[in-house]
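Peer 1: One predicted model, sequence on top.
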Amino acid sequence: MSSDAPAEPSLADRITKDEPEPKQSWADEVNSPATEQPPPPSEPAAEMPQSDGAAGAFGGSQLQEPDYQVQVKLADMQADPNNPLYSASSFEQLDLKPEVLKGVTGMNFRKPSKVQERTLPLLLMNPPKNLIGQSQSGTGKTAAFVLNILSRVDISTPEMQRSPQALVLAPSRELARQICGVVRLMGHYMENLLVDAAVPVEAAQRSRKIEASIVVGTPGTVQDLIKRRSMNVSKMRIMVLDEADNMLDQQGMGDQCNRVKAMLPKNIQVVLFSATFPENVVTYAHNFAPQANEMTLRHEDLTVEGIKQIYLDCDNEEAKYDTLVKFYGMLTIGSSIIFVKKKDTAAKLEQRMTAEGHKVVALTSAYEGSQRDVVIDAFRLGHAKVLISTNVLARGIDVSSVSMVVNYDVPDMQTGPRGPAVADPQTYLHRIGRTGRFGRVGVAVSFVSSKADWEKLMEISSYFQTEITRLDTGDWDELEEQVTKIIKSSRAGANFNGNTGGHAA
Ligand SMILES: Nc1ncnc2c1ncn2[C@@H]1O[C@H](COP(=O)(O)OP(=O)(O)OP(=O)(O)O)[C@@H](O)[C@H]1O
């Protein structure tokens, strides 16, 4: 953030005092904030626009594609057995309580996705069994575990309403808040349902007590609350790890998750979900959720068809910045997230772009929680359309208007304290998965400024057996036309004639 530059307007000023921009583009028209109501029962559901899970709680933008733009509709995708959104059955056939079913219908979910259809019967079985579930990004894993929780919590007495019975752990504050929003929205018709977020709060609120039947939080805060006896876990019966591979793999977070689990009653149902379960995490996952039912995928099947993956050659770091600025118009067709490796890069990019008159915001773990909430909520509402972030937002964040993701830095990871940086395919997949949600279209563009970058990107491409196409930066008008065409097409891949080739720098 630009807090050390007093002459500039504050973050809140920049985000909230801006007049809404006139609607100019297709994306502006289709992504206006949530004003839509669930369909009246008499209207045919197939004609109604799809709603965004986070929309009701946070005003997340929604996609209402005009017919003339749409070539392939969600209904068609959900009827194709090879599509991850496919299902043979309806939500009515999944044995949900009437008030839970009403919540799903109210969100305008017409049919379950594959992961929902397959995992819900396994999750709802009695006696409850553990589950490890994997499916592509943006295919509805949240609803799968939320529907299980809503089906299992007992809120028949005031005491039970205030007793934590289900705990969801997520790796970031933003994701925990988002899941809380989905639980509230889906549980809207369950009278007296109490849901609470266990994320870091300001010092004055630290003595708070958690009195809700469903708690969604980050592992460190939850561990702290239980230790301080601010959250009674004696009635806990379900524990979910969202982005489970990330939670178990990171040393600090893995330990916190284990400690939290050790403080909960034995024999709880343990549920792990993620789009990725790399080999090094599989054993942890099996130990954390013993004898689990499993739904897994091969890594070759993990990429989402609707996300067009491209890369651009940039001669050096400065050329990456110039390219980003040239991209600004395309970034604001819908909303965009620019991923960088370091917090410092995020802050510097934000300052420089803002100083040059571009509207961007940044969110990293360097910022205070309340400031992070302001930024992410503004992004969900479409008040901020270009967000610069680190891997803190790489996972789970669901904002349907995101039509472009930029890997300003190719995702990599250190091998040991002094080892070389190697490609990080999992982070790449999660980052690009912030676009192309539930059958929508998106573009993921990676900036390549060295041979090492190019090698990492090609390793990622071969790991997922997916094509990452090189676009020629020699002719910007042509490049812009191609990228804009992809964003505005109903499915990525259609209308696209990019070059493929090696690193030209
Ligand atoms: N059955 C459904 N019908 C229509 N929309 C759905 C359905 N299930 C989920 N969605 C919507 O799809 C979007 C993506 O869902 P969700 O965030 O749960 O994906 P995910 O699989 O958890 O992705 P990630 O791996 O990125 O965390 C959300 O906006 C959600 O509201």
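Peer 2: It's in.
Peer 1: C-alpha only now, for contacts and for neighbours.
Peer 2: Noted.
Peer 1: Which residues lie in contact with the residue of the stretch 351-500 of the chain found nearest the ligand in this structure?
Peer 2: For the stretch 351-500 of the chain, the residue closest to the ligand is Gly396, as judged by CA to the nearest ligand atom, at 3.4 Å. Neighbouring residues of Gly396 by CA atoms under 8 Å, 6 or more residues apart in numbering: Ser137, Leu175, Glu243, His430, Arg434.
Peer 1: so how far is the ligand from the third one?
Peer 2: By that I understand Glu243. Using CA to the nearest ligand atom, to the nearest Å, we find Glu243 at a distance of 7 Å from the ligand.
Peer 1: so where do the strands sit in the stretch 101-250 of the chain?
Peer 2: 131-134, 166-169, 195-198, 214-217, 238-242 (DSSP state E, counting those that start in this stretch).
Peer 1: now, which of the contacts of Gly396 sits nearest Leu324?
Peer 2: Arg434 (18.4 Å; CA to CA).
Peer 1: I'd like the distance between that closest one and Ala347.
Peer 2: Relative to Ala347, Arg434 is positioned 21 Å away (CA to CA, to the nearest Å).
Peer 1: Neighbour count for these two, which is higher?
Peer 2: Per other CA atoms under 10 Å, whichever of Arg434 and Ala347 has more neighbours is Arg434, with 28 against 19.
Peer 1: Provide a list of residues in contact with that one.
Peer 2: Ser137, Gly138, Ile337, Ala394, Arg395, Gly396, Ile397, Asp398, Val399, Val402, Val405.
Peer 1: Next: His286.
Peer 2: Applying CA under 8 Å, 6+ apart, the residues near His286 are Ala292.
Peer 1: Let me know the secondary structure of it.
Peer 2: Using DSSP: H, G, I helix; E, B strand; the rest coil, the secondary structure recorded for His286 is helix.
Peer 1: got a pLDDT number for it?
Peer 2: Listed pLDDT for His286 reads 97.
Peer 1: Tell me the spacing between it and the ligand.
Peer 2: 20 Å.
Peer 1: Tell me the spacing between that residue and Ala244.
Peer 2: Distance from His286 to Ala244, by CA to CA: 11 Å.
Peer 1: from the stretch 151-300 of the chain, which residue is nearest to the ligand?
Peer 2: Ala275 (4.9 Å).
Peer 1: my read: Ser172 touches Ala394, true?
Peer 2: No - contact criterion CA atoms under 8 Å: Ser172 and Ala394 do not qualify, at 9.7 Å.
Peer 1: who has more neighbours, these two?
Peer 2: Applying other CA under 10 Å to Ser172 and Ala394 shows that Ser172 carries more neighbours, namely 23 against 20.
Peer 1: if I pick the more buried one, what's in contact with it?
Peer 2: Thr218, Val392, Leu393.
Peer 1: next one: Leu122
Peer 2: Leu122 makes contact with Lys129, Leu131, Asn293, according to CA under 8 Å, 6+ apart.
Peer 1: Recalculate using a threshold of 6 Å.
Peer 2: By CA atoms under 6 Å, 6 or more residues apart in numbering, the contact set of Leu122 is empty.
Peer 1: State the pLDDT value of it.
Peer 2: 96.
Peer 1: For it, give its distance to the ligand.
Peer 2: 17 Å.
Peer 1: and the end-to-end length of stretch 462-471?
Peer 2: Stretch 462-471 end-to-end distance (CA to CA) = 18 Å.
Peer 1: before we move on, what about stretch 389-397?
Peer 2: Span of stretch 389-397 from end to end, CA to CA: 12 Å.
Peer 1: Distance from it to the middle of the chain?
Peer 2: Remark: stretch 389-397 is offset 7 Å from the chain centroid, using CA atoms, centre = their mean, to the nearest Å.
Peer 1: Stretch 408-419 too?
Peer 2: Distance, centroid of stretch 408-419 to centroid of chain: 22 Å (CA atoms, centre = their mean).
Peer 1: same thing with stretch 430-447?
Peer 2: 10 Å.
Peer 1: nearest residue to Glu480 other than its sequence neighbours?
Peer 2: In space, and not counting its chain neighbours, Glu480 is closest to Met330: 7.3 Å by CA to CA, 6 or more residues apart in numbering.
Peer 1: ok, now how distant is Asp76 from Asn108?
Peer 2: 16 Å.
Peer 1: who has more neighbours, these two?
Peer 2: Asn108 (20 against 12).
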